[in-house]
Structure formats: structure tokens, C-alpha cells
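Chemist: Just to be clear, the model below is a prediction. Sequence and coordinates:
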Amino acid sequence: LIRAAVGAAGGTLADQWKEFFYCEAMDKEVMVVKGTKRSSSRSSNKHGSDNIISSGSGIAVADGQCMMIVEQGKVVEVCADPGEYTYDASTEPSIFSGSLGGDTGKDQRVYYFNTKELVDNKFGTANPIPFRVVDSRIGLDVDVAVRCHGVYSYRIADPLLFYTNVCGNVEREYTREELDGQLKAEFISALQPAFGRLSELELRPNQIVTHNTELENAMNEVLSAKWEELRGLKVVSVALGL
């Protein structure tokens with residue numbers, strides 16, 4: 001994958017590349033989308049499969065996106081740097097993940113991952129969560145019950161893990177709706193051990209809402225195995241109401 005230097009006077013995309021893969025601005029509900037291919041009069045694949053990338057094709061990567069090339073189900077290229085690139089099948093193995101060479105008869109797909117913060121994920125606890133109130137200065141150590149609600153946000157921190165373990169070869173797009181129910185259940189389950197970590201800081205329940213950074217760090221620590229290490233996701237922010 002070679003960064004392309006295309007001048008403004010270069011004409012249309014069809015004049016610059018045989019084919020051009022790109023992704024329109026992704027809706028906030030979309031996590032992954034298959035790249036759109038536009039063929040020019042120079043392309044040898046006008047009547048062929050959309051799952052073939054010809055050498056010399058252009059590939060665009062926008063801000064807030066990570067582009068991935070998958071060949072025969074195997075990831076061969078990952079790029080999160082915004083810009084326009086030219087696909088060169090004759091190059092040496094990529095500095096990213098592997099070789100871009102190969103038989104053009106293979107199934108080759110371009111995917112775009114939404115790496116922006118995915119916001120407004122509402123949650124609420126149906127049952128009270130135990131919270132241990134500790135104040136070593138006055139010898140206080142008592143258990144109370146806390147109900148809470150709020151919103152949290154997360155993002156795709158590792159597109160490779162997300163592709164491998166979650167979405168795979170999607171035909172068109174992968175949306176938040178397909179995963180959010182599972183994430184919300186795991187998020188609520190993680191609140192109790194996260195509250196345990198805040199209790200160690202000797203916070204009172206009414207102080208939790210003013211210690212968002214500590215709560216976010218605690219949630220990421222509790223969810224690290226399921227979210228970060230398995231799915232490549234990371235909690236960005238938590239806004240809590242008690």
C-alpha cells in the first residue's frame with residue numbers, strides 16, 4: 001500500500017485510478033462497513049466481482065476510520081492514517097500485517113472500521129448494587145445499596161481483534177444494534193467490582209458522580225478481558241446518576 005500523491009488538477013477519481021475504494025461518512029450506529037468500489041474506464045474489472053482489488057487501485061482512508069484489506073478471510077493490511085493510497089500487488093510484504101500480493105482471482109475485500117467514540121449508550125441497574133463505605137479516619141465500615149443509571153461511550157481500539165472475534169466478513173455493514181445488548185449486560189455486571197475499586201479509595205456513594213475518571217479506569221480494568229482483550233473495545237467515558 002503506497003501513499004498516493006494526487007494533485008487537485010488530476011481530474012476525477014476515474015482519471016487517477018483504475019478503481020477507487022472509499023467509505024462515505026459512517027453513521028453513528030455503524031461500526032464496520034464494506035468499502036464501496038468505483039470503477040473507471042481504465043479498469044479491467046468493470047464486469048467482475050466487487051471482491052477483487054486490481055493493482056493500481058486507489059484506496060481512501062478518512063479521519064476516524066481504520067481501513068483493512070482481507071484476502072481469503074485473512075487480514076493482509078491495516079491502515080488508520082488518513083490519506084489516499086495506491087494498491088500495488090507487486091510490492092514486498094507490507095509493514096503493517098502481511099503481503100499485498102496474490103492471485104487476483106482470490107476474494108479480496110476492503111473494510112472500514114469506525115474508530116470514533118460511540119456515544120449515548122444508556123444503562124440502568126434493575127437491582128441495587130452493594131457498595132462498601134469505608135472511612136479509616138473515623139473507623140467507618142458499612143455496606144449500603146446503590147441504584148444508578150446513566151450513559152457510557154466506547155470505541156473500537158483494536159480493529160484487528162474486533163474483526164477476528166466479532167464481525168468477520170460482513171456482507172455490507174455491522175451495526176451497534178448487533179452487539180449493544182451484550183455490551184450493556186456486561187457493563188452493568190461490571191459495575192459491582194468497579195464500585196469495589198472505588199470503595200478502596202474511600203469514596204462515599206454520592207462522590208462517585210464527581211470521580212468519572214476513576215470510574216472509567218475501574219470499568220476498563222474490570223472489562224479488560226471481555227472487551228479489550230477479546231473484542232478490541234475500550235470504555236471512553238461514563239456519566240453516572242445515582
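Modeler: The structure has been received and is ready for your questions. A quick note: this is a predicted structure, and the numbers were derived from the prediction, not measured. Residues are numbered from 1 along each chain as shown.
Chemist: how near is the residue nearest the centre of the chain to residue 181?
Modeler: Nearest residue to the geometric centre of the chain (C-alpha atoms, centre = their mean): residue 156, 2.1 Å. The gap separating residue 156 from residue 181 is 18 Å, by C-beta to C-beta, to the nearest Å. Where C-beta positions appear, they are placed from N, C-alpha and C, glycine not excepted.
Chemist: got it, and residue 137?
Modeler: Distance from residue 137 to residue 181, by C-beta to C-beta: 43 Å.
Chemist: Of those two, which one has the most company?
Modeler: residue 181 (10 against 7; other C-beta atoms under 10 Å).
Chemist: So that one, which state does it fall into?
Modeler: Here residue 181 is recorded as helix under DSSP: H, G, I helix; E, B strand; the rest coil.
Chemist: Check residue 213 too.
Modeler: Following three-state DSSP, residue 213 is assigned to helix.
Chemist: show me what contacts residue 161?
Modeler: Residue 161 makes contacts with 229-232, as judged by C-beta atoms under 8 Å, 6 or more residues apart in numbering.
Chemist: of all these, which comes closest to residue 26?
Modeler: residue 232 (16.9 Å; C-beta to C-beta).
Chemist: Now do the same for the closest one: its pLDDT.
Modeler: Note for residue 232: predicted pLDDT of 97.
Chemist: That one: neighbour count?
Modeler: 20.
Chemist: swap in the one 4 residues further on?
Modeler: One way to gauge burial is a neighbour count; for residue 236, by other C-beta under 10 Å, it gives 16.
Chemist: give me every residue that touches it.
Modeler: Going by C-beta under 8 Å, 6+ apart, residue 236 touches 117, 152-155, 216.
Chemist: Any chance of these in a markdown table with secondary structure, neighbour count and distance to residue 164 as columns?
Modeler: Compiled in a markdown table, the contacts of residue 236 are given as follows (DSSP: H, G, I helix; E, B strand; the rest coil; neighbours: other C-beta atoms under 10 Å; distance: C-beta to C-beta, whole Å):
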| residue | secondary structure | neighbour count | distance to residue 164 |
| --- | --- | --- | --- |
| 117 | coil | 14 | 22 |
| 152 | strand | 22 | 24 |
| 153 | strand | 17 | 23 |
| 154 | strand | 24 | 18 |
| 155 | strand | 18 | 17 |
| 216 | helix | 18 | 26 |
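Chemist: What distance do you get for residue 111 to residue 3?
Modeler: 19 Å.
Chemist: I meant to write residue 109 there.
Modeler: When distance is defined by C-beta to C-beta, residue 109 is 21 Å away from residue 3.
Chemist: neighbour-wise, which of these two wins?
Modeler: The residue with more neighbours, out of residue 109 and residue 3, is residue 109; 21 against 11, by other C-beta under 10 Å.
Chemist: Helix or strand: which one has that one?
Modeler: Residue 109 belongs to strand 108-114 when assigned by DSSP states H and E.
Chemist: what's the next secondary structure element after that strand?
Modeler: strand 118-124.
Chemist: and the nearest residue to residue 176 once chain neighbours are set aside, how many neighbours does it have?
Modeler: Nearest non-adjacent residue to residue 176, counting by C-beta to C-beta, 6 or more residues apart in numbering: residue 29, 5.2 Å away. By the criterion of other C-beta under 10 Å, residue 29 has 12 neighbours.
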